[in-house]
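Peer 1: generate coordinates for the sequence data below:
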Amino acid sequence: ILTASDNVSPSLETPLTGPLQAEIFTARPVTIQVGGKTVSVSSAAATVGEALADAGVALQDLDTCTPAEDQPVPEDGAIQVIRMREETFLEESAVAYGVERVADAEMNMGTEEVRQAGENGVKVSSVRVRYKDDAEVSRTVEQEWISVQPVNQVTAYGTKVTVQTSADGVCNVDYYLAKQ
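Peer 2: Prediction:
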């Protein structure tokens, strides 16, 4: 008894005009694991690729299968499709600003003043992520660039020596602050 999944060569629609030799390829169960699901079909396919086509499962872009498409369907009928995909996206991260210290002879020693606030810059990275059956398997930084340069903080510090007088009621003392 022939089933719809069996293959006959030449086809059953071929007119009989004389002696004819025919081949019958009987279907057998094929189980395909794809995307976390199981697809079960009957197929008379000779290769894995033909069995996938019979099941309506198409390999796309980076997808692979085990065994390979050009290999015969294994005796146990088990085929695994591995869905591979890639995404590329941009990732931003901060670039720390530096601190510049500048001497100021007009400011008293021991004092400091921020003259320019620092601002972090922005580094952009182009990242390619590869997924195998929706699980990340690799991450590669393809390019990096600074999209916003950091601005250094500028801090002035005093170098002016100012003599101070202390009067504690007992004696007067002149002093100044020394800083190393």
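Peer 1: doesn't G49 fall inside a strand?
Peer 2: No. Applying DSSP: H, G, I helix; E, B strand; the rest coil, one finds G49 to be helix, outside a strand.
Peer 1: tell me which residues of the top strand by length along the chain are tucked away?
Peer 2: Across the chain, the longest stretch assigned as strand under DSSP state E is strand 135-148. By neighbour count with 16 or more other Cβ atoms under 10 Å, strand 135-148 contains no buried residues. For every residue, glycine as well, the C-beta is placed using N, CA and C.
Peer 1: quickly run through the sheet partners of that strand, with directions.
Peer 2: Strands that pair with strand 135-148, judged by DSSP bridges, come out as strand 121-132 (antiparallel).
Peer 1: and the longest strand of the chain, what's its mean pLDDT?
Peer 2: On average, the pLDDT along strand 135-148 is 96.
Peer 1: not counting its own residues, what contacts the following helix or strand past it?
Peer 2: As assigned by DSSP states H and E, the chain's next helix or strand after strand 135-148 is strand 153-160. The contact list for strand 153-160, computed with Cβ atoms under 8 Å, 6 or more residues apart in numbering, reads 97-118.
Peer 1: and those, which are buried?
Peer 2: Among the contacts of strand 153-160, those buried by neighbour count (16+ other Cβ under 10 Å) are 97, 104, 118.
Peer 1: mind giving me CSV with those and columns for secondary structure and pLDDT?
Peer 2: CSV is the format used below for these (DSSP: H, G, I helix; E, B strand; the rest coil; pLDDT from 0 to 100):
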residue, secondary structure, pLDDT
Y97, coil, 97
D104, strand, 95
G118, coil, 97
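Peer 1: great, nothing more from me.
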